[in-house]
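Student: Need a 3D model of the sequence below.
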Amino acid sequence: MEMKRINAGKLRAIGYDPRERVLRVEFDDGSAIDYSGVGNEVWRRLSTSGVAWSYYRDNIEEEFTGRRGTVRSEKKSSPLDDLFKPAGDDAEP
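Tutor: Numbers count the residues shown, from 1 in each chain. Down below sits the predicted model:
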């Protein structure tokens, strides 16, 4: 799911999977909630709202079932990572 970075109230990112009808909301504390059964129109309104935090609180938080989780940060590999590996990391068991 592609996430859209935002800075609205406690919201830090939002994303939507139209096939599964799942909305993911990520917060400033590192938590996330996946809401199921969310339609395209709700996503469109949230993602284009000038007051996304208010829209979320008024139209999503209490209206849809959410499942809590945490934000997973995907570590991107750097070409320099290999230079700084501890000795023995390449050894096979």
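Student: so where does the residue nearest to residue 67 when sequence neighbours are not counted fall, helix or strand?
Tutor: Beyond its immediate neighbours in the sequence, the residue positioned closest to residue 67 (Cβ to Cβ, 6 or more residues apart in numbering) is residue 34, lying 4.9 Å away. In short, each C-beta sits where N, CA and C put it, glycine included. Under the criterion DSSP states H and E, the helix or strand holding residue 34 is strand 31-36.
Student: residues making contact with that strand?
Tutor: Contact partners of strand 31-36, identified using Cβ atoms under 8 Å, 6 or more residues apart in numbering, comprise 20-27, 60, 64-71.
Student: same deal with stretch 46-53?
Tutor: With contacts defined as Cβ under 8 Å, 6+ apart, stretch 46-53 is touched by 4, 6, 8-11, 14, 16, 23, 55-56, 59-60.
Student: Give me the subset of these lying in strands.
Tutor: Using DSSP state E, the subset of these located in strands is 4, 6, 8, 11, 14, 16, 23.
Student: From the centroid of this structure, which residue is nearest?
Tutor: Relative to the mean C-alpha position of the chain, the nearest C-alpha, by Cα atoms, centre = their mean, is the one of residue 26, at 4.5 Å.
Student: OK, contacts around it?
Tutor: With contacts defined as Cβ under 8 Å, 6+ apart, residue 26 is in contact with 3, 11-14, 32, 71.
Student: And the pLDDT at it?
Tutor: According to the predicted model, the pLDDT of residue 26 comes to 97.
Student: which one is it nearest to, not counting chain neighbours?
Tutor: Closest residue in space to residue 26, ignoring its immediate chain neighbours: residue 13 at 4.1 Å, by Cβ to Cβ, 6+ apart.
Student: thinking again about what came up before, the helix or strand where the residue nearest to the centre of the chain lies pairs with which strands, parallel or anti?
Tutor: Applying DSSP H and E as the criterion places residue 26 in strand 22-27. The strands beside strand 22-27 in its sheet (DSSP bridges) come out as strand 11-17 (antiparallel), strand 31-36 (antiparallel).
Student: Okay, buried residues for that strand please.
Tutor: By neighbour count with 16 or more other Cβ atoms under 10 Å, strand 22-27 contains the buried residues 22-26.
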